[in-house]
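# Model the structure of this input:
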Amino acid sequence: MARRPESWSSGVRIACGLALGFASACHDIVALDCSRAGRWRETNPTVSDACTPADTGGTSVSGDVDTGAEDPTGVADTGSLCGNGVVDPGEECDDGDLIDIDECDNECRAPVCGNGIVQPGEDCDLGIANDDHGSCKLDCTAAICGDGIVRWGVESCDGSDTDGFSCEAFGYVGGELLCDAGCVFDLSLCTFCPDGGDTCDAYQPCDAFCESGASCWSEYGFIGTCLPSCAMPDECPPADGFAAECWGEMCLIPCEEPCPRGMLCQPSVLYPGMVCLW
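Numbering: from 1, shown residues only. You can find the predicted model right below:
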């Protein structure tokens, strides 16, 4: 093969530099300045085709540039994008919208109670603040009277849930504490009689009747005290070792402190002083 004159080789290098922005080689360049190359060829006709690429509309792309059409394996690389309507790897769902409270949130997660977002099927969701005794329960249902769980600070009771209270908490000695339809305590089955009957013995608490002719006397609330009737001081039976006095035809136990178990030393309209009453 005939060797090109050195002047030709130098001319090519100069032509490429002028036409292609002073690059190191013609085929490593993206853009071609044909107007500059044309002016150079007018004075160097022997190398007019040295840097003339195929007509590509003014743009030449090297073999090393990735067009981004597809990856080397030939599989299109679209990436994972929450909201594109396609359930991509790592996504639980993808409904293709930007609504955070529907069946799929904006992080492409399916509805779950406890995430702090009220989604389909939930009455509420306070996240970590969900509480069976609060306004929003652990299953994301709203607390209401009748759901069987006491909402603290709002309900006294709910169904069979009396929040740990019993008849004894209200001064009764027995019985069953109920809860009405309005989530309020029902004391109708509580009793002041230790044996659960309708009548009580002397000096015991009462709500209606007392045995042995005693009267159910109530001064400060719904709890009464069985006060035996009397005509003389020696007719009053003692209570747990405490002596009673006959005053106004009723037996009273004067006190300063203490009183028989369960009774309180308090002022009375029956006696000018302190007496033991329930």
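
# Tell me where the chain has helices.
6-19, 34-43 (DSSP state H).

# least reliable of these going by mean pLDDT?
When those are ranked by mean pLDDT, helix 6-19 comes last with a mean of 42.

# which stretches of the stretch 1-150 of the chain have low pLDDT?
Scanning the stretch 1-150 of the chain for pLDDT under 70 picks out 1-80.

# Please repeat the previous calculation with a cut-off of 50.
1-35, 37-38, 40, 48-78 (pLDDT under 50).

# Give me the mean pLDDT for stretch 262-276.
What stretch 262-276 shows for mean pLDDT is 87.

# Please list the residues outside it that contact it.
173, 203, 205, 217, 219-220, 225, 227, 239, 242, 245, 247-248, 250, 252-260, 277-278 (CB atoms under 8 Å, 6 or more residues apart in numbering). Every residue, glycine included, has its C-beta placed from N, CA and C.

# which parts of stretch 142-152 are buried?
For stretch 142-152, burial by neighbour count (16 or more other CB atoms under 10 Å) applies to 143, 145, 147, 149-151.

# which residues are contacting it?
Contacts with stretch 142-152, where a contact means CB under 8 Å, 6+ apart, come from 123-124, 132-137, 141, 154-163, 181-183.

# Kindly report the same for stretch 123-130.
113-119, 134-138, 140-142.

# And the strands in the stretch 51-200 of the chain?
Counting by DSSP state E, counting those that start in this stretch, the stretch 51-200 of the chain has strands at residues 174-175, 178-179, 185-186, 190-191, 199-200.

# To residue 100, which of these lies closest?
When those are compared by CB to CB, strand 178-179 sits nearest residue 100, at 39.1 Å.

# and residue 261, what does it touch?
By CB under 8 Å, 6+ apart, the contact list for residue 261 reads residue 240.

# Can you give me the separation between it and residue 240?
The gap separating residue 261 from residue 240 is 7 Å, by CB to CB, to the nearest Å.

# Export the strands of the stretch 51-200 of the chain to TSV and append columns for distance to residue 265, mean neighbour count and mean pLDDT.
Formatted as TSV, those follow (distance: least, CB to CB, whole Å; neighbours: other CB atoms under 10 Å; pLDDT from 0 to 100):
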stretch	distance to residue 265	mean neighbour count	mean pLDDT
strand 174-175	24	18	76
strand 178-179	32	20	94
strand 185-186	27	17	92
strand 190-191	24	22	73
strand 199-200	20	22	56
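
# Save the ones you listed as JSON lines, and put in distance to residue 95 too.
Shown next, in JSON lines, are those (distance: least, CB to CB, whole Å):
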{"stretch": "strand 174-175", "distance to residue 95": "57"}
{"stretch": "strand 178-179", "distance to residue 95": "44"}
{"stretch": "strand 185-186", "distance to residue 95": "48"}
{"stretch": "strand 190-191", "distance to residue 95": "56"}
{"stretch": "strand 199-200", "distance to residue 95": "69"}
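
# what's the burial count for residue 202?
Per other CB atoms under 10 Å, the neighbour tally for residue 202 reads 20.

# Ignoring the adjacent residues along the chain, who's closest to it?
Nearest residue to residue 202 in three dimensions, chain neighbours excluded: residue 228, at 4.6 Å (CB to CB, 6 or more residues apart in numbering).
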